[in-house]
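S.K.: sharing a model prediction with you, sequence too.
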Amino acid sequence: MADVLGAFEQAVLLALVQPATSLGKQAYGRAILKEVQARLHRQVSAGSVYATLERLETKGLVSSRLGPGTAVRAGRPRRYYHIEAAGLRALKEAKATVERIWAGVRLPVRGAAS
Amino acid sequence: MSETPDQSGLPDIQALPPRWMERILRAMLKKRDRDTISGDLLEEFREDIFPTKGRIRADLWYLRQVLSLIEGASFGLSLGSALGAFTTAKLMIAPLRGDRPIGMALLSGVILLLLSLSGFLACHRGGNLFDAMKAGTVAGLVAAAVVSLIYLVQLNLFFNTIRQSAGWETSLDAFQGSRSHNLRAFANYYSAMQDFIILPVVAISGAVAATIGGLAALSGRRMKRFLQS
């Protein structure tokens, strides 16, 4: 079985699958960063998002292409990301894993300490 | 270049992050990411950060992003801060006690182990030995720079205590051999001069330790593949 995705990897992939913000729908680096921050409700460093995108691309879960730049970014190109079929499968697997782990557990959980 | 944002909160297309920070960022990024990532940061800087936060906070934001993007920089910053905190605590608790050789050897070993860990992690993420070496060099350099900076602060705040501590003889000999008349000024100069030797030595040690860590990561990966096949 392939490695199960970590929570941050899932947030990045979900930002590509179902962006909640209008900027997020553009799916380039900065847009994904904003989308992940909105999804996780916290500030996220640019480095962690780009490192995750690179790792996911190496694994073949996402692909990327270059697009033209704009004046506000001094004409520098944007890198647009797209989730691959393997990425969707990995997301489904991650969700199924969490559901299997939590199956039958009733909340609130009673620990040994209580 | 704009120095102050207007109050409208609208994008400021003229605003620029500090040039030296951008140069460091572009030098440390892979060729593939150089324009795209620096473009993303510039876009965010101009559209959101500078208009809402102002020059100083916007520059600090940019610095944080640069540190997060340079492999090893955050690691080095944490390591340097921890070592700085350790030396400050030692100065407070036992200011006159000299460093024991065994303690120094143990501390050096732990530092090298941590630097090799930075290489291990970089190689584990990127799968590239060069990434590991680069991360170790940066981590070592940043950690040494932070420690040196903290030492300079300690030196000036606790000068009278430090000058009585063991191990100060070398500096005193150098002072007596110099034409300087101000011991404090000379101590600052002497410390800065030593950094020219210490910083490259730590950077090279970091590179070597991180390469070993990187090799361990690659071996681990091959072993895992072998066991899976």
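M.R.: On my side now, so go ahead.

S.K.: and the closest residue to B:Pro11 other than its chain neighbours, how many neighbours does it have?
M.R.: Of all residues not flanking B:Pro11 in the chain, B:Glu47 sits nearest, at 4.4 Å (C-beta to C-beta, 6 or more residues apart in numbering or on different chains). Where C-beta positions appear, they are placed from N, C-alpha and C, glycine not excepted. B:Glu47 is flanked by 20 other residues according to other C-beta atoms under 10 Å in any protein chain shown.

S.K.: could you do A:His82 as well?
M.R.: 11.

S.K.: for A:Lys59, same thing?
M.R.: If you count neighbours by other C-beta under 10 Å, A:Lys59 ends up with 16.

S.K.: name the helix or strand for the nearest residue to B:Phe120 once chain neighbours are set aside, please.
M.R.: Once flanking residues are discounted, B:Phe120 sits nearest to B:Gly213: 3.6 Å by C-beta to C-beta, 6+ apart. Using DSSP states H and E, B:Gly213 sits within helix B:183-228.

S.K.: for that helix, packing partners?
M.R.: Judged by 3 or more C-beta pairs under 8 Å, 6 or more residues apart in numbering or on different chains; DSSP states H and E, the packing partners of helix B:183-228 are helix B:101-126, helix B:129-157, helix B:159-162, helix B:169-176.

S.K.: for the residue nearest to B:Phe120, list the residues it contacts.
M.R.: B:Gly213 makes contacts with B:Leu115, B:Ser116, B:Leu117, B:Ser118, B:Gly119, B:Phe120, B:Leu121, B:Cys123, B:Ala132, B:Gly136, as judged by C-beta atoms under 8 Å, 6 or more residues apart in numbering or on different chains.

S.K.: same check, this time on A:Phe8
M.R.: A:Val36, A:Ser48, A:Thr52.

S.K.: which one of those has the most neighbours?
M.R.: A:Thr52 (22 neighbours).

S.K.: quick one: contacts of the top helix by length along chain A?
M.R.: As assigned by DSSP state H, the longest helix anywhere in chain A is helix A:85-102. For helix A:85-102, contacts defined as C-beta under 8 Å, 6+ apart pick out A:2, A:4-5, A:10, A:13-14, A:16-17, A:56, A:59-62.

S.K.: which one of those is nearest to B:Ser178?
M.R.: Using C-beta to C-beta, A:Leu56 comes nearest to B:Ser178 of the contacts of helix A:85-102, at 57.6 Å.

S.K.: which one is that closest one nearest to, not counting chain neighbours?
M.R.: Distances taken as C-beta to C-beta, 6+ apart put A:Val62 closest to A:Leu56, at 4.6 Å, once the chain neighbours are dropped.

S.K.: kindly report the same for B:Leu218.
M.R.: With sequence-adjacent residues excluded and distances taken as C-beta to C-beta, 6+ apart, B:Leu218 is closest to B:Cys123, at 6.2 Å.

S.K.: burial count for B:Ile198?
M.R.: Neighbours of B:Ile198 using other C-beta under 10 Å come to 15.

S.K.: enumerate the residues of chain A near chain B.
M.R.: Within reach of chain B by C-beta under 8 Å from any C-beta of the partner chain, chain A has these residues: A:28-30, A:33, A:45-48, A:50-51, A:54-55, A:58, A:66, A:69-74, A:76-79.

S.K.: where does A:Tyr81 land in three-state SS?
M.R.: Under DSSP: H, G, I helix; E, B strand; the rest coil, A:Tyr81 falls in the strand class.

S.K.: for it, give me its contacts.
M.R.: Counting by C-beta under 8 Å, 6+ apart, A:Tyr81 makes contact with A:Leu16, A:Ala27, A:Tyr28, A:Gly29, A:Ile32, A:Leu53, A:Glu57, A:Val62, A:Ser63, A:Ser64.

S.K.: now with 10 Å, please.
M.R.: Neighbouring residues of A:Tyr81 by C-beta atoms under 10 Å, 6 or more residues apart in numbering or on different chains: A:12-13, A:15-16, A:27-29, A:31-32, A:53, A:56-57, A:62-65, A:87.

S.K.: from the contacts of A:Phe8, which has minimum pLDDT?
M.R.: Least confident of those in the model: A:Ser48, at 89.

S.K.: could you double-check that that residue lies in contact with B:Arg64?
M.R.: No - using C-beta atoms under 10 Å, A:Ser48 is not in contact with B:Arg64; the gap is 11.8 Å.

S.K.: and the closest residue to A:His82 other than its chain neighbours, how many neighbours does it have?
M.R.: Nearest residue to A:His82, sequence neighbours excluded (C-beta to C-beta, 6+ apart): A:Ser63, at 5.2 Å. Number of residues near A:Ser63 (other C-beta under 10 Å) recorded here: 13.

S.K.: secondary structure element holding the closest residue to B:Leu41 other than its chain neighbours?
M.R.: Closest residue in space to B:Leu41, ignoring its immediate chain neighbours: B:Gln65 at 5.6 Å, by C-beta to C-beta, 6+ apart. Here B:Gln65, judged by DSSP H and E, is contained in helix B:55-69.
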